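**Q** Sequence plus the predicted model coming up.
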Amino acid sequence: MAFAMKMRFVDVVCDDSLKNYYAGGKKMGYQFEIRLGYYRGHFLSVIDEFAVTVDGQEIPNEAIKFCINGKEFSPNEFDKCYTEFWQIIEPATIRVFCPGGLADGEHTIDVKLMFRSPYMAIGPDHAYMPVDSSGSKTLTITE
């Protein structure tokens, strides 16, 4: 991708949102919230690239659930989520399956989120403006 529009209206990774999550009394992983760093919401199907890196380690998509509107999706399903709309006022919860969760302390969260703006055509062959809504933040987790 040669260029991409980048606008920052909010921090993509939400402050104070990192925490471990439990299922059946066991620590099954961790989660944090993200928001679109853009001025309007979009359908999940326009997301072309999505990656999460925590403390320098890229998390496989199979270990990630993207939670929004009371539903959970794998990033591998985004191309089929053409009716699932992500409002700009609602953060999405990113849940990472990682038995044992994260240790207390600071952790650096990097999110790569590239999507195409379906109302901004930029040439032939149905090309649309790429938008970079990536973000990074160091968050602290405490039990």
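**A** Happy to help now that I have it.

**Q** If you rank every helix and strand of the chain by mean pLDDT, what lands last?
**A** In the chain, no helix or strand scores lower on mean pLDDT, DSSP states H and E than strand 128-132, which sits at a mean of 84.

**Q** Would you indicate which residues of that one are buried?
**A** Buried residues in strand 128-132, defined by neighbour count with 16 or more other Cβ atoms under 10 Å: Y128, M129, P130, V131, D132. Using the backbone N, CA and C atoms, a C-beta is placed for each residue, glycine as well.

**Q** out of these, which one sits closest to Y82?
**A** Sorting the buried residues of strand 128-132 by how near they are to Y82, with Cβ to Cβ, puts Y128 at the top with 14.3 Å.

**Q** any idea how far T142 is from K19?
**A** As for T142, its distance to K19 is 9 Å (criterion: Cβ to Cβ, to the nearest Å).

**Q** So if I had to pick from those two, which one is more boxed in?
**A** Set T142 next to K19 and count neighbours by other Cβ atoms under 10 Å: K19 wins out with 16 against 8.

**Q** State the distance from the more buried one to S74.
**A** Distance of K19 to S74, given as Cβ to Cβ: 21 Å.

**Q** next one: D16
**A** With distances taken as Cβ to Cβ, D16 is found 26 Å from S74.

**Q** Have a look at these two and say which one is more surrounded.
**A** Just comparing D16 and S74: by other Cβ under 10 Å the higher neighbour count belongs to S74, 13 against 9.

**Q** what bits of this protein have low per-residue confidence?
**A** For the chain, residues meeting the criterion pLDDT under 70 lie at 1-9.

**Q** Tell me where the longest strand sits in it.
**A** What stands out as the longest strand in the chain, according to DSSP state E, is strand 105-121.

**Q** For the buried residues of strand 128-132, please prepare JSON lines with the additional fields distance to E49.
**A** Output for the buried residues of strand 128-132, formatted as JSON lines (distance: Cβ to Cβ, whole Å):
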{"residue": "Y128", "distance to E49": "14"}
{"residue": "M129", "distance to E49": "14"}
{"residue": "P130", "distance to E49": "9"}
{"residue": "V131", "distance to E49": "11"}
{"residue": "D132", "distance to E49": "9"}
